[in-house]
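Colleague: Okay, here's the prediction I keep looking at, along with the sequence it came from:
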Amino acid sequence: MPQVIDVCPLSELQPGEMRLVEWDDLEIGVFNCGGTVYAIEDRCSHDDGPLVEGEMDQETCTIECPRHGSLFDLKTGKPLTLPAYVPVDTFPVIIEDETIKLEVE
Amino acid sequence: MAVTDNERLREINSDYTERYGFHDAENYLYKAPKGLNREIVEKISEFKSEPQWMREFRLKALDHFLARPQPTWGSPMLAEVDYDDIHYFVRASEKPGRSWDDVPEDVKRTFDRLGIPEAERKFLAGVGAQYESEVVYHQVREDLEKQGVIFLDMDSGLREHEDIVRKHFATVIPPNDNKLAALNSAVWSGGSFVYVPEGVHVEMPLQAYFRINTENMGQFERTLIIAEPGSYVHYVEGCTAPTYSSSSLHSAVVELIAKPGARIRYTTVQNWSTNVFNLVTKRAVAYEDATVEWVDCNLGSKLTMKYPSVYLMGERAHGEILSIAFAGKDQHQDAGGKIIHVAPNTTSNIFAKSISKDGGRGSYRGLLEIAKGAHGARSKVVCDALLLDEHSRSDTYPTIRISEDDVNVGHEATVSKVGEDQLFYLMSHGIPEDEASKLIVNGFIEPITKELPMEYAVEMNRLIELQMEGSIG
């Protein structure tokens, strides 16, 4: 059953910023790429690297895993470079009342 | 091998120091001081008049390199690598010549001595010769050029085909993949750029030859091979260096991309002198119905750590790794391979053979991974080790991860000694003990040398002969 959770006020996640959200046993990275907010599983599918500790490229909307350098597309969760080859989960983002919310299951 | 061949080989009456271990006087246009910093990286980029994105790529990779600790797995010898005691860039000529007459005389003499121009005339479709940091000679047959085949040194590849390079460069091995890949990404220079258009078959091999001359040199070539759908190419590389008492470092990055139905074969005959650390990252992707084969022969170096890998990304893709490692006195050959089955009905083989003698250490380190969804995958891993005496060592580190039920995986491993009964049998037929040992070794590696082009198989056997001199089983 999907549930909507609050992350933070939109003003607290400026373009280029990212943060970790923990919910249940899920760790989710929330990223503001050039004004659009995306949320993906915070776990590189190659070696469990923490993606929110990586470097975000706002031009391409990608995040680089700090552990072995795989680039993930923030919109789709797909890896764009090896060594990761399995997509990570993505989560729908809702902006409501100037607040960032996520739909999780 | 027939005894007559052995007699012929013995006539060469040479050893590494005489044949490969010589060095030339240093007449360089530029030689960077020892050590690595931002300034050196910027200087390399500036020398090559690179686009801004590559300069930024290098500097970011340098940060990755500096931030990462030296790996502690693999070999205790890794701790001996002194990154401050290396020259990271040495330029021997202005630009790669298209004729051997354009190559500086002493450098040309070196390649003559190594037999490269002769091999080019006889059986190669193209040759690249790298001396220190840069390629000094590059040529590809005109008929291939007309078919759209690109075979350039990597620096020229970036200059002349920036769009293709930018699209593929570092997509297989990102700069932060590991410390040595980060180092290569920061200071890469030379290597090959190969592009084979759709449906084109390059029937004769392309060859690159890598030569280090300077003491305490770091060579960091970067190779990218792109085979468009339905194409075929065989790339062969060889490498040697002078024998010095202090260490040099060779750290290449090689990326192969085999698009649907394409086939790439990549053959290495590594024969670095025993003062060279050879720490290389090689990785390939094979899409639907594509094949990638690594034929990897490691004879020289002080320490080699190299595990060519293939990611089988498309259905029915095939990966093959054939690896020989020969570890002599004070050498550690830590070699093997990795195959990752991502798509259904993919197939692979890893055949690894190691020979250890005179206290040398041969290690097989491999990974076979079958991802969820890769149903119908089939793979066979065989690793065999031959120990020629009691002081030598062999280790096997096979990792197999399977996340799918409907697969077929086989793994075999053997360790054997050259047995007295085998020697006795051969000697009872009038074959001297030395000769008998060589025959046993040649028989052991024959399944792999037979995969080499004939000229290289002869060279490989000759090299093994040299390594075996004075060795009694």
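Modeller: Nice, thanks for sending it over.

Colleague: what secondary structure does B:V41 sit in?
Modeller: Taken by DSSP: H, G, I helix; E, B strand; the rest coil, the conformation at B:V41 corresponds to helix.

Colleague: My error: substitute B:T110 in the last question.
Modeller: Using three-state DSSP, the structure places B:T110 in helix.

Colleague: How many neighbouring residues does it have?
Modeller: Counted with other Cβ atoms under 10 Å in any protein chain shown, residues neighbouring B:T110 total 24. (C-beta placed from N, C-alpha, C; glycine too.)

Colleague: Below-threshold pLDDT in the chain: ranges please.
Modeller: As the question left the chain open, I've gone with chain A. By pLDDT under 70, chain A has no low-scoring segment.

Colleague: Let me rephrase: I mean chain B.
Modeller: In the predicted model of chain B, residues B:1-15, B:466-467, B:469-473 satisfy pLDDT under 70.

Colleague: Nearest the middle, which residue of it would you pick?
Modeller: B:T268 (4.3 Å; Cα atoms, centre = their mean).

Colleague: so how far is B:R166 from the closest residue to B:G199 other than its chain neighbours?
Modeller: Leaving aside its sequence neighbours, B:G199 sits nearest to B:G230 (Cβ to Cβ, 6 or more residues apart in numbering or on different chains; 4.6 Å). Going from B:G230 to B:R166 by Cβ to Cβ, to the nearest Å gives 24 Å.

Colleague: Could you check which of the two is surrounded by more residues?
Modeller: Shown here are B:G230 and B:R166; by other Cβ under 10 Å, B:G230 has more neighbours (18 against 15).

Colleague: contacting residues around the more buried one?
Modeller: For B:G230, the contact set (Cβ atoms under 8 Å, 6 or more residues apart in numbering or on different chains) comprises B:E198, B:G199, B:P260, B:G261, B:A262.

Colleague: now A:K75
Modeller: Taking Cβ under 8 Å, 6+ apart, we find A:K75 in contact with A:Y38, A:C61, A:T90.

Colleague: Check B:N278 too.
Modeller: Counting by Cβ under 8 Å, 6+ apart, the residues that B:N278 touches are B:H250, B:S251, B:Q270, B:W272, B:N298, B:G300, B:S301, B:K302, B:L303, B:T304, B:M305, B:K306.

Colleague: Out of those, which sit inside strands?
Modeller: Among these, DSSP state E puts B:H250, B:Q270, B:N298, B:L303, B:T304, B:M305, B:K306 in strands.

Colleague: Bridged to the third one, which residues?
Modeller: Beta-bridge partners for B:N298, by DSSP bridges, are B:Q270, B:A325.

Colleague: what about it, how many residues close to it?
Modeller: As a burial measure, B:N298 scores 25 neighbours (other Cβ under 10 Å).

Colleague: OK, contacts around residue 74?
Modeller: Here I'm looking at chain A. By Cβ under 8 Å, 6+ apart, the residues touching A:L74 are A:F31, A:C33, A:Y38, A:I40, A:M56, A:C61, A:T62, A:I63.

Colleague: Not quite, go with chain B.
Modeller: Applying Cβ under 8 Å, 6+ apart to B:G74 gives the contacts B:M305, B:D334, B:R365.

Colleague: List, one by one, the residues from chain B near chain A.
Modeller: Contact residues, chain B versus chain A (Cβ under 8 Å from any Cβ of the partner chain): B:64, B:170-178, B:283, B:285, B:311, B:313, B:340, B:342, B:371-372.

Colleague: Show me those residues that map onto helices.
Modeller: Under the assignment DSSP state H, the residues of chain B next to chain A contribute B:H64 to helices.

Colleague: Now the buried members of the residues of chain B next to chain A.
Modeller: B:64, B:170-178, B:283, B:285, B:311, B:313, B:340, B:342, B:371 (16 or more other Cβ atoms under 10 Å in any protein chain shown).

Colleague: Tell me the residue of chain A that sits nearest chain B?
Modeller: Per Cβ to the nearest Cβ, A:G69 is where chain A lies closest to chain B, at 3.0 Å.

Colleague: Based on its surroundings, how many neighbours for that residue?
Modeller: 28.

Colleague: Wasn't B:P260 part of a helix?
Modeller: No: counting by three-state DSSP, B:P260 falls outside a helix, being coil.

Colleague: OK, contacts around it?
Modeller: B:P229, B:G230, B:Y287, B:E288, B:D289, B:A290, B:G314.

Colleague: Look at the first one and give its secondary structure.
Modeller: By that I understand B:P229. Assigned with three-state DSSP, B:P229 falls in the coil class.

Colleague: distance of it from B:A258?
Modeller: As judged by Cβ to Cβ, B:P229 and B:A258 stand 9 Å apart.

Colleague: Of these two, which one has the most company?
Modeller: Using other Cβ under 10 Å as the criterion, B:P229 and B:A258 rank with B:A258 on top: 34 against 16.

Colleague: in the stretch 101-250 of chain B, which spans are helices?
Modeller: Along the stretch 101-250 of chain B, counting by DSSP state H, counting those that start in this stretch, helices occupy B:105-113, B:116-123, B:142-146, B:154-160, B:162-168, B:179-187.

Colleague: which of the contacts of A:K75 come close to chain B?
Modeller: Okay, of the contacts of A:K75, nothing touches chain B (Cβ under 8 Å from any Cβ).

Colleague: Could you count how many residues lie near B:T17?
Modeller: If you count neighbours by other Cβ under 10 Å, B:T17 ends up with 11.

Colleague: For the helix or strand harbouring it, name the packing helices and strands.
Modeller: Assigned by DSSP states H and E, B:T17 belongs to helix B:16-19. For helix B:16-19, not one helix or strand is in contact under the criterion 3 or more Cβ pairs under 8 Å, 6 or more residues apart in numbering or on different chains; DSSP states H and E.

Colleague: Direction included, what does whichever helix or strand comes after that helix pair against?
Modeller: Later in the chain than helix B:16-19, the nearest helix or strand by DSSP H and E is strand B:30-31. Next to strand B:30-31 in the sheet, as set by DSSP bridges, lie strand B:90-91 (antiparallel).

Colleague: tell me the contacts of the nearest residue to A:C8 once chain neighbours are set aside?
Modeller: Distances taken as Cβ to Cβ, 6+ apart place A:I100 nearest to A:C8, at 5.8 Å, with adjacent residues excluded. A:I100 makes contacts with A:D6, A:V7, A:C8, A:P9, A:L10, A:L13, A:V30, A:V37, A:V93, A:I94, as judged by Cβ under 8 Å, 6+ apart.
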